[in-house]
Structure formats: structure tokens, C-alpha cells
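> model this:
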Amino acid sequence: MLYYVRQLLNADTIVPAMLIMKKCSWLSQRSATLASRRTLRACSDRAGKRGLMKHTSPTAGAVEDEILRNEQDGQEISIALDSPAWFRWLESATAFSFRSAEGHFTAHKTRAGNQRGEPYWRATLRSRGKLYSFYLGQSPRLTSVRLHEAAHELSQRAANLATPSAEPASGAPSSSEPPIDRPDPLLLSRLSLPRLPLQHVARPRLLTLLEQSVQRPVTLISAPAGSGKTTLLAEWAITTDLTVSWLSLEEEDNDPAIFFPYLMAALRRCTQEEEKLERAVPAHSWKQAITHLLNDLMRRLEHDAVIVLDDIHLLTSPEIHTILHFLIEHLPTRLHLAMGTRVDPSLPLARLRARSQLSELRTEELSFVSGEVEAFVEKMGLRLEGEDLRLLEEHTEGWIAGIQLFTLALRGQRHSAAFLRSSSRSHHFLLDYISEEILAQQEPAMQQFLLHTCILDSFCAALCDSVTGNSDGETRLAEALKANLFVRGLDNTQTWYRYHQLFAEVLRTHLQRHEPEQIPGLYRRASCWYEQQGWHEEACDYALRAGDLPRAAALLEQLVPHLVGQGKFRRLLQWSSQLPQDIIGDYPLLFIASMIGTQVLRGSILGAQNIGQSLPAALTHLGRKIRMHTDEPGSPWAGLQSGLQLLQAIKAWTSGDIAQTIALLSEISTIPLPSASTASRVIALGRQLLLGLAYSASGDLHAAEQIIIENPSHDEDSASSPFTSFALIFLADVYEAQGQLHKLESLYHEILLSFERSGVGSPLLMALAHTRRAGLLYERNCIEEAEAAIKMSQEIERRIELLAPAALSFSAPLQARIALAQGDIQSVRILLENKGVPFWRSLAESQTKKVTGATLARLALLCGQNALAEEWVQASDMHFDDQINLQIANRDYVPYVTLARILLARGRQQHAPLALAQALTLLECLQSAVTAVDARGWLLEVQMLTVLTLQAQGKTKRALQLLGSALSVAEQAGYMRLLVDEGQPMGQLLAQVAVYTSASPAYLQRLQVAIGPSVSKPTDATQEQAQDQPLLDPLSEREHEILGQLAKGLSNQQIAQQLVISLYTVKLHVKHILAKLAVTNRTQAVARARELHLI
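Prediction:
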């Protein structure tokens, strides 16, 4: 033992004192252990001399002269080496002895300690107090040649006194150099590739990325627990052509005496010479030993090799980091290092990045994408589709452990989507995993930081300092990022961050359980910080969460102009609804704005709906407040008589009293407006909008136009007010109804130009302006320009709160019309499937839904799905002989003109004269109504439908006469799609109308070219007749493939297995096949496909 002490004191070691103490302690224990072993071995040797066979059993035996002899059921049996019986016996055997002319040894079967590797055999020979070892391999490798090779090698080592993995027989010092390797045997399971999990999902995109990454000297795979780091590395190691050496690290590897032998063994495996696995390199220090081996690898490596160090975050010892640093700095050219870790290691990563010597795969790359989520869930034995899968991916953000734990929690849940949306998503599986695997691993200060900042939706270092009351926010954030604690960056300046959704939810649950009294204070401090920064929306939000309602009300009062200006009525009402009436009633601007916003969101203003008791109660409260403060100079209530008048006008409007509405609104101009600019702007713009609506309802469109185009306020903010937005939208409705497409073009040009000049404005108005402009471009048959405009609108729509609770965005129907014009029927069918019948079965009394439902029914007609349109008629409860009182504001025209189209389609398809007669009756009523309000644009559409109905009745001459007079008006206004969308029936009339019209031949030619010879839309009748016609929407290659499987009678599950795709994907393809073939089941699909010679 003194020998080792002297050598270690003289060695160039990193921690001499620590190594001396560990080595001395080990030697003391080892001496006692080996003394007992010598006694046992002596007894064993004596027994061996009395007869080798006495110690054989069914799982142990002796091999001599190429024959295995062992005892089974009391009888001695003999098995020849290399025979099938020999290899069968090895599968159940645990040990045997071997003797030949070359030498002898004892072989033992060993199983990996962590169960990651398969069982393997090792040969050992003890000679002169030292133990020699030789790796034989797994059972199939134990051939006669291999056994003789092992006997020869072990004999040579013993004869030459070479001790690659020698084990001293006693505590006495050896005369040779002491090896750096700890003499305990190595667990080969740590040096073996781990098994892939049963639910493993192949990830070819990451395998390709990793294959490219390891071309650099060092690859770092750094991500939180449960991100699939080990599985990815193991899958890549199996598939790559490179030589891979694996080492699974453990906490005890922070002892250099334990870690170094494993590192050396892993490095030696890069040469694929497994029999030299435990060979020690005579050296006086770890640096000499590793230098010797690296030099050897530099000479012997002919092809690239990779050493994988998995779970490197477990190595926290500075001494171990020094060894790794040395290894990285001196890697041979053909040797690469890959590390899997939860925490960025204390290694020179920045230097490696600067040298382009480091590749990194992090959480973003390792997260599951949609297809991988679906495949993983299926392998977990759970079937999720559509919305359920989307919600699962959204909540987990692709975190694999989170997906697995969610999947376990979802088992037994009858309503997956409801569970995924619920506030109980912090299931005990997730809570336990994150608490044990992540939170408990952090030091107390970091735990407190995480718990106190998890209440924040997003955060920066300064906000964290304010909330926690400390000044270490920047340091803690840096540590959290380095430790992969589910922190996501929100900008490129590394200033703002957020927590992973699930991680934050679990932290909040933990905080609620253990420190509930802290939560209001945390929210309050966040609110104060945001207010100091001038971010009043966030300040108000956190004040409400803190329960500080008076402060929240004061902040919300300041926010009214901003929220109204951005069209954020929903947010305004959501927040104000959390305030008691006695508080909100003390803030005049908040009170008035919230009441008007309520009517807008309920559709009361634009749809004349019943408002219940809210508005009368508001009038009473406002009148009382005004009377109380009339004589108080400077009171915000004193000048709100005009606001009271506006609310009274809204009440009259919703009651259907148009004359009283106009009278009350006209009186507002004689009442002094309040001095506060925000209140005056809200009242003035509200008056402008409602007065325009009232004049249009009275049939005076000219007066309505003049009111809307008058600017009630000359400040810059008026352009961004949603009341201005609604007013201009309404003005566009007026122009559209009048057929003044040229004025529409100028209006949209002005709106968009003002946005471009100012750079600000209501997102709601911007989206609507782009949509309406797209509609104008579509009408003029500028399809590509219309598509570009609709895409711009949809980009904005994603960021705003819509005017009313519609089931569709206002751009979706127009986008569908554009798709139809481009021949894309399938996308329109998908829209109808998602928002069709279930939508209009729940129309209730909403005028907005009624108009949207009519728009969908029109799309159904254009796709030939007349039955779907008929469903809408039943749900809408409208009739051809209803009394119609048209108003541009409530847009009754749209549902009724759609009903006329459905009656026309019914008459054509079913050869039903009664339906055609009903269509004519309805169209005559509509013509009278649109004429009464001077809606010349609507009149043109009514005339076109009347022409087509007359044609269907066989009254062609009357149809041509009416068409001829209408075409000259249509040409002057610039209409195209109004006629083109009617297809071949209109095309047939256009071919004969020249003598009946003053419209130019060029215009007629443009219309006929746009309609084309094959534009006729499919109907239920024509689909039945077109048995031998090719599909209008052809099947894709994959759909053809699945159709062939359907013809073979395979189920969806069998098709999924056959084509190696998910069951959900098969179902979606089958659904599309049925739609394209216009059938309702698989049997009909196969029959129809055979008729069309598709199979």
C-alpha cells in the first residue's frame, strides 16, 4: 500500500490527495476480501483435482478434447463443440471450464447490470495471484476456434506477466508500474448500446441531421429529461456505418478512479478490438495513459469512429471535466465525440463553436412533429384523431415524456378533447415526473425562482427581479437555459422568455399546493412592473389575477381608447365582466364603452337583436350619475348627456324604431360633447355608424353614404377606431348593393393607402379591407390578385378578435370561391365538411350565422352538393312567400337570394315546375325590395337569376330579352363573375344574346371565354348521368393505392399496416375518395371506380 502512496505522490495527477485516500481505502478492503477468496480458491482447486465432472450441472459443464460433458437428470451427456446442441446448451448454461493443448480457463455468462445489453461470455484465468480476462462474446460467437484463441491468449498473458486487467492477489505492492485503471471489473452493460423502447418511433429526419452533425469533432445533444436523447443516439448508432463506442455514465463516475477505466475501455472499443477491452496502459498519470491511447488510435484508426458519452450531465466533478477537456482538445482526426446531456457541461463550448468544431441538437430539434406524435400515440395503444391530436401536440409542444404521460392519463377518458382542454391537465403523472425528475434536482434557490416566476406568461430578467424580490434574475435565467429547464426564447435578443406550457402548469400546481398565500403578491408585483414600463394591458391583466379590482378598474379606464381602437371588444368585456358593478359604474368611459361593446359583440347593432335587460339598466345608471354630478365642475360624468342620448338611440334601434333612432341621433349634434377627447370620439363615431345604419334601413342610401363619409373627428386616432372600421365596412356594403364597383375600388385604395402612410390602424379594418378588395378583384375575374389579397387578410385575421361570434372567418367563403374558380373543388368540400350541416343546424337567431350559413349553402350549390344546400333550407326556416323587408345593415338579402338559387337548382334537377314557379315568386318579391332601397347591384343579381329561371321554364326569348337589358348595366359597372359563376346555362344564353343587347361584343366574348366549354358544375343529376366521364377532381396517387386495397376487401387497419401509414391517414384518404367518387360507402366506391375504369 505504501508503494501506491509513493507513486501517487510523485504522479502528475489532478487530485493526488483524493486519489491516495480512495486508493488506500480500496486496498484495505481489498486485502481482507482477497484473503477470504484465497481460502475458497484453495478448496476449489483441491476439489477440481479430485474430478472435474463432480461439479457439472445442467447449467455448467466441462469442455475437453472438443467435447462438452455435463450432467442432466442424473446422467452424464456429451456434446460436440460447434454442433447445434452445443449452441442450444449455451443459451441456458451459466458457466463451463475449457482445457486444450493451448491452455485452460473458466467461462462465465454475465448479464448487463442495467439490462440494456444482451448476456455475454467472459473467459478468466488466475495465475500467480493475478486474474486475466478475455471477452468471448455472446453465445453464437463461442465456436471451437474462439475458445482455442482465448486459451492461447490467456496463457501468453500469464507467461509474459502482462496484466491488462490484472487483479492483485493481496494488498502487497507489485513490482510493475501501477495502472491508472481501477482494478475492479467493468460492467459491460454500460459499454453496450441500450435497447430501443417498445414504443420507439423511427425519426429519419433526426438520424440524417445527427449523421451530418458527427462530422465535426464534437456533437452535443442537450435537452430536458424525457426528450428522447438516449433513444435517438442509440437508433443512430444502430443505423450508421461509422464505428460507434458507447458509454452510459453514472453518478459514481465523478470518482476519477471509477470513470477513467470506463473511458479508456470505451476509447479502445473504437478500434473494434474487443479482446483488449480491459487492457491497462502502464503509466504514472491519467494524462500519460490517455496520451498513449490517443496516439495509438491516431495510428490505427483507418475509418471515422464516434465515442458516445450518454448522460454526461451526471459528471459534475471538476477533475472529470479536466479529463474530458483534455480529450476534446486532443481528439485524433478520425475520432469524434458525441454527448447526450440534460445540462450543458462545463466544457469550452463557446471556443468549439467559434472554431466550427461543435454541432448541437437541442430541444427544438428533438421535439416530436405532428406525424411523430400521431405514430407515438398509436404505439401507446391509444387512438386520437384530428382535434385531439392537435391539442395534444399544442399542450406538450412535442415533449416526448409529456406526450407519453398525457397518453397514460388519457386512457379511460371518454372525451379526450375535453380532458385536453380542461384545467386539470396537470395530471398526477406529469406532476410526479416533473417534481421528481426536474424540480427536485435543482438547488433550493433555483426551485424558488422557478415557482415564483411560473405565474408569468412571459418574462425578462428585470421582471423576474421585480416578482421575486431578488436581483439575480439574469443569473438564474442563464442557469435555467444552461440546465434546459424548459425555457423558450421569444426574441432574437435573448431578452424575453417563456416556460413550456406543461412545465409552467405543473409549477403553478406545485405553487398552489405549497405556497398559495404567495400567489396574489406575485401577480401584484408583476402588474406594478408592467405599469411602470407603460404596458397597461399586461398591468391590468395581472391586477385582475391578483384580485386587486380597484386598481384593475383604474387601469382599464385608461385602456379604453386603445382597446376600442384595436377592436378588442372581447378583451374589454372579458376584463370588465370580472369587475363588480359598483366599481365599474364609477368609471364613465369604461362604463359607456363596455355597454356599446356588449351590443356590438351580441350583434345588437348590426343585427337588431333583443338585448334583454342590460341596456335599460345601463340607461338608468347613466342618467342617475349625470344628475348627481351635473353641478360639479370637472366631473367626468357632467358632460355625458350625449352618451346617454347615444345609448337611448341604440335602444330605439334594437326595438326596430328607425324614425326614433334617427331623431335621437340627430339631437346629439346639438348637445355639447364631453371635454375628454376619448369620450367625445367614442360618442361621435358611434353616432356616425348608427345614423348611417338607420338611414340605410329607411331606404335613403344617399343620406347613409353622406353620413358615413363625413369624418366626425379630425385627429389621427379616428382612422384607427373600430367605429370608423364598421362605418367604412357598412359604406362598402352600400356601394356593393348599389353596384358601384368603381367607388368600391376607390374606397379600398384610400383605406389601404392611409394604412401604408401612417403605419398604424385597426387590424380589424385592415383585414376587412383586404377581404373586400379581394372580393372586388374576384368579381372582375382577377383571380390571382384576389388570392393574394385574401392571403393578406387571413394573416391579419389570426391576430384580431372578430366583430361577432361567427363560425367562420369572413375571408373563408371568398377564399373558397377563389379555389372553385381555380378548379380546386376538394378544398371547398373540406370547408363544407368542417362547417356545413352541423353549423347551420345551430343557427338559432343569430343574423350573422344566418348570412354565413347562406354563404355556405351557395358554396354547396357550386360544388354540386345540392342535398347539403337543402339541409340549410330546412334549418333556416325560410319560405319563398315570406314578407321581405330588406335592410342593408342586417343583410336579409343574402339568405333570400340563396333560397331563390336553391329553388332554381331543385327545379332543374328534379324537373319540378312548382319549384321554378316558387323561385320566380321569390325573385319578384326580392326585385321589389331591392328597388325600394335603390340597391342596383342586388337588382342585377336578381335579374340574372330570373333569366336563368325563365330559361329553365323554357321561356328562352323572355330570358334573352331580360338578359340583354341587364348586360349593358353589368358591363358599365364592371361585373364578370356574377355571370361567369352561373356556368354553362349562362354560357348558352350569352351565345344567343347579341341581338338583344347593347353590351359590346368584346364584353360578351370575355364572358364566354371565362365560362369556357367545360365549366358546367356537377349536380346530383349530372353525376348520375356521367358514369363514363373522368373525375372532375382526380384521385391522387396515394388515393389510387388505397382504392386498390379497398377493392381487395381490406379493412382500414389492414390498409394502414400494409402501406405503413397511420389509421387516421387511411380514414382521411377514404373520406376523400368517397367525396371524389360522389358515393357514401366503400362498396359504392369500388363499384363506381370500376365503372370509371379506375381499378
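> so who does Q215 touch?
For Q215, the contact set (CB atoms under 8 Å, 6 or more residues apart in numbering) comprises H336, S359. Yep, even glycine has a C-beta here, placed from its N, CA and C like the rest.
> residue ranges for the strands of the protein, please.
In the chain, the strands defined using DSSP state E lie at 60-64, 67-72, 75-80, 95-99, 104-110, 120-127, 130-137, 218-222, 243-248, 305-310, 335-341, 358-361, 487-489, 497-499.
> mean pLDDT for those strands: which is lowest?
Of all these, strand 130-137 carries the lowest average pLDDT, namely a mean of 79.
> who does it pair up with?
Paired strands of strand 130-137, with direction, are strand 120-127 (antiparallel) (DSSP bridges).
> could I have the partner strand exported to PDB, CA atoms only?
Provided in PDB are the C-alpha atoms of strand 120-127 (Å, rounded to 0.1, in the frame of the first residue of the first chain):
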ATOM      1  CA  TYR A 120     -22.300 -12.300 -22.900                       C
ATOM      2  CA  TRP A 121     -19.500 -14.800 -22.000                       C
ATOM      3  CA  ARG A 122     -16.100 -14.000 -20.500                       C
ATOM      4  CA  ALA A 123     -13.100 -16.300 -20.000                       C
ATOM      5  CA  THR A 124     -10.900 -15.900 -16.900                       C
ATOM      6  CA  LEU A 125      -7.600 -17.400 -15.800                       C
ATOM      7  CA  ARG A 126      -5.900 -16.900 -12.500                       C
ATOM      8  CA  SER A 127      -2.100 -17.300 -12.400                       C
END
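> hang on, the earlier thing: possible to save the strands of the chain as a markdown table with distance to A1002?
Listed next are the strands of the chain as a markdown table, based on distance: least, CB to CB, whole Å:
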| stretch | distance to A1002 |
| --- | --- |
| strand 60-64 | 102 |
| strand 67-72 | 101 |
| strand 75-80 | 99 |
| strand 95-99 | 100 |
| strand 104-110 | 92 |
| strand 120-127 | 88 |
| strand 130-137 | 87 |
| strand 218-222 | 67 |
| strand 243-248 | 74 |
| strand 305-310 | 72 |
| strand 335-341 | 71 |
| strand 358-361 | 63 |
| strand 487-489 | 59 |
| strand 497-499 | 60 |
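> dump the ones you listed to TSV, plus mean neighbour count and distance to Q988.
Shown next, in TSV, are those (neighbours: other CB atoms under 10 Å; distance: least, CB to CB, whole Å):
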stretch	mean neighbour count	distance to Q988
strand 60-64	20	96
strand 67-72	17	95
strand 75-80	12	93
strand 95-99	19	95
strand 104-110	19	88
strand 120-127	20	84
strand 130-137	20	84
strand 218-222	24	68
strand 243-248	22	73
strand 305-310	23	73
strand 335-341	23	71
strand 358-361	20	64
strand 487-489	17	61
strand 497-499	20	61
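> looking at these, which is closest to V1070?
Taking CB to CB, strand 358-361 is the member of those nearest to V1070, at 37.4 Å.
> contacts for that closest one?
206, 209-210, 212-223, 232, 349, 352.
> just the ones in helices from those residues, please.
Mapping the contacts of strand 358-361 onto helices (DSSP state H) picks out L206, L209, L210, Q212, S213, L232, L349, L352.
> which regions of the stretch 651-800 of the chain sit below the pLDDT cut-off?
Confidence mapping of the stretch 651-800 of the chain against pLDDT under 70 gives the ranges 669-682, 710-729, 754-764, 798-800.
> could you redo the last one with a cut-off of 50?
712-720 (pLDDT under 50).
> write the PyMOL selection for whichever of the ones in helices among the contacts of strand 358-361 are buried.
Applied in PyMOL, the following selects the buried portion of the ones in helices among the contacts of strand 358-361 according to 16 or more other CB atoms under 10 Å:
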select buried, resi 206+210+213+232+349+352
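> and the ones in helices among the contacts of strand 358-361 as a markdown table, adding distance to L1043 and pLDDT?
What follows is the ones in helices among the contacts of strand 358-361, written out as a markdown table (distance: CB to CB, whole Å; pLDDT from 0 to 100):
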| residue | distance to L1043 | pLDDT |
| --- | --- | --- |
| L206 | 33 | 89 |
| L209 | 36 | 90 |
| L210 | 38 | 91 |
| Q212 | 39 | 90 |
| S213 | 42 | 89 |
| L232 | 37 | 92 |
| L349 | 54 | 90 |
| L352 | 54 | 90 |
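> can you tell me which of the ones in helices among the contacts of strand 358-361 lies closest to I584?
Looking across the ones in helices among the contacts of strand 358-361 and measuring by CB to CB, the closest to I584 is L206, at 53.6 Å.
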